[in-house]
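> Build me a model from this:
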Amino acid sequence: MQVTILGGGHGCYAAAVEMAERGHATRLWRRDSKALQALQAIGSLTVRDYRGTRQVPLDERLQLVGDLSQALEGAQLVVIPLPATTHEALAAEVAPLLRDGQVVFLPPGTFGSYLFAKAMRDCGNRAEVAFAETGTLPYLVRKHGPDQLVISAYATRLPTGVLPSRLAAQAFAVLREAYPSVEPIEDALSGALMNAGPVIHPPLILMNAGPLEHFPSWDIHNEGTQPAVRRVTSELDAERMRVREALGYPAPHFPLAEHYNTDQGEEWMYGRGAHGKLTDSGDWREKIDLQQHRYMLEDTRLGLSLLVSVGRWAGVPTPVAEGLLALASAVTGRDLYGEGRTLENLGLAALDRAQMAAVLQDGVAA
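This next block holds a predicted model:
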């Protein structure tokens, strides 16, 4: 299968390696041409994971491509493991180039599936394309240099929704070839409300704001994950699950508590013991800029705003999410809800339940 990975981040490199090692003809595109040329000169990616350390050559299995149209040409699956903050600009570039039968996978998406689908319609592209999104990046991964990659864990369960859902069968036939761990769920909004980042990260970054600004580096997933933080996270996750239930989405809701439990409950997205692997790696001890980090600008500004707006639309109070958003707005000096990926800003807030169901089932109207 021809697979294209868009982006140069941690998850993008991990996806390129995994797809090539699965035997797919893989292209990796990134905007930074100098970084692409430097990696091409090295000639391989060095990967360390549970199987040890190895080199993945940049050859016919894994090709670096600097031209976006060339990268997308003939691709059956397009994987975009980038922060949601990139979606709007990238969607405008990608939309005219997509063709019938392609599947675009956003892991995770923050309802980016709708942004990409709308961008296609706005540019006049009428191709039948399926946009899928899931609840987490398929990898716990960090780059340690231009060609060095450490993957601490791989996702074992990826609850995934498709927009339009009428194309789900075709989409999953493609997705399963690349990611056997995908699990079909109802639609793309259900997939967006599985996103773990807006539940894990806002409490961590805000409730660790003092040490983050004081110390040169701080691991919010290790010493920053204290009982008080976990209680707030649990309440926030309960709000997410109540919103899902109000929309008629059934369990499993992948409660975040199962991420932290090692021997109880259902297996979470990264399997058993993933949190321990994350903290043991030391890769998340870092300097976090409260004004610029993706936990603030992606998971809080975009992810929490989406949750709050869907809660308001569905008539479900989300006081913890709203409180964290208000606190984050005070910390950053910005109106993060006003800037957010809300149903209001997406132009969907005025829809009734039937109209929303039609969009999710049939896609964005021409």
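> can you tell me the average pLDDT over stretch 202-218?
Throughout stretch 202-218, pLDDT has a mean value of 93.
> Which positions in that stretch come out as buried?
Neighbour-count burial for stretch 202-218, counted by 16 or more other Cβ atoms under 10 Å, picks out P202, P203, L204, I205, L206, M207, N208, L212, W218. (Each C-beta comes from the backbone N, C-alpha and C, glycine too.)
> what's the answer for stretch 243-250, then?
Burial within stretch 243-250, assessed by neighbour count using 16+ other Cβ under 10 Å, is assigned to V243, R244, L247, Y249.
> Would you double-check that T46 falls in a strand?
Yes. Using DSSP: H, G, I helix; E, B strand; the rest coil, the secondary structure at T46 is a strand.
> Pull the number of nearby residues for it.
Applying other Cβ atoms under 10 Å, we find 16 residues neighbouring T46.
> That one contacts P146, correct?
No. At 10.2 Å, T46 does not count as touching P146 under the criterion of Cβ atoms under 8 Å.
> and the buried residues of stretch 243-250, which two are the farthest apart?
Using Cβ to Cβ, the two most remote members of the buried residues of stretch 243-250 are V243 and Y249, lying 8.8 Å apart.
> Now the common contact residues for the two.
When contacts are counted by Cβ atoms under 8 Å, 6 or more residues apart in numbering, V243 and Y249 are jointly contacted by L193.
> got the contact list for H144?
Taking Cβ under 8 Å, 6+ apart, we find H144 in contact with V150.
> let's see it at 10 Å
For H144, the residues meeting the contact criterion (Cβ atoms under 10 Å, 6 or more residues apart in numbering) are H10, T46, R48, V150, D283.
> Would you map the helices across the stretch 51-200 of the chain?
Counting by DSSP state H, counting those that start in this stretch, the stretch 51-200 of the chain has helices at residues 68-72, 87-94, 112-122, 168-178, 188-192, 197-207.
> so who does Q40 touch?
By Cβ under 10 Å, 6+ apart, the contact list for Q40 reads L58, Q63, L64, G66.
> Can you give me the buried ones in stretch 150-158?
Within stretch 150-158, the residues that qualify as buried are V150, I151, S152, A153, Y154, A155, R157, L158, counting by 16+ other Cβ under 10 Å.
> For Y114, state which of those residues is nearest.
For Y114, the closest of those turns out to be L158, at 19.2 Å, with distances computed as Cβ to Cβ.
> can you pull the contacts of A330?
Taking Cβ under 10 Å, 6+ apart as the criterion, A330 is in contact with L206, L336.
> distance of it from E213?
14 Å (Cβ to Cβ, to the nearest Å).
> ok, back up a step: can I get the buried residues of stretch 202-218 in CSV with distance to S305?
Putting the buried residues of stretch 202-218 into CSV (distance: Cβ to Cβ, whole Å) gives the following:
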residue, distance to S305
P202, 11
P203, 16
L204, 18
I205, 15
L206, 15
M207, 19
N208, 21
L212, 22
W218, 25
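> what's the closest of those to A228?
Proximity of the buried residues of stretch 202-218 to A228, judged by Cβ to Cβ, is greatest for M207, which lies at 7.1 Å.
> What is the neighbour count of E183?
As a measure of burial, E183 has 15 neighbours, counting by other Cβ under 10 Å.
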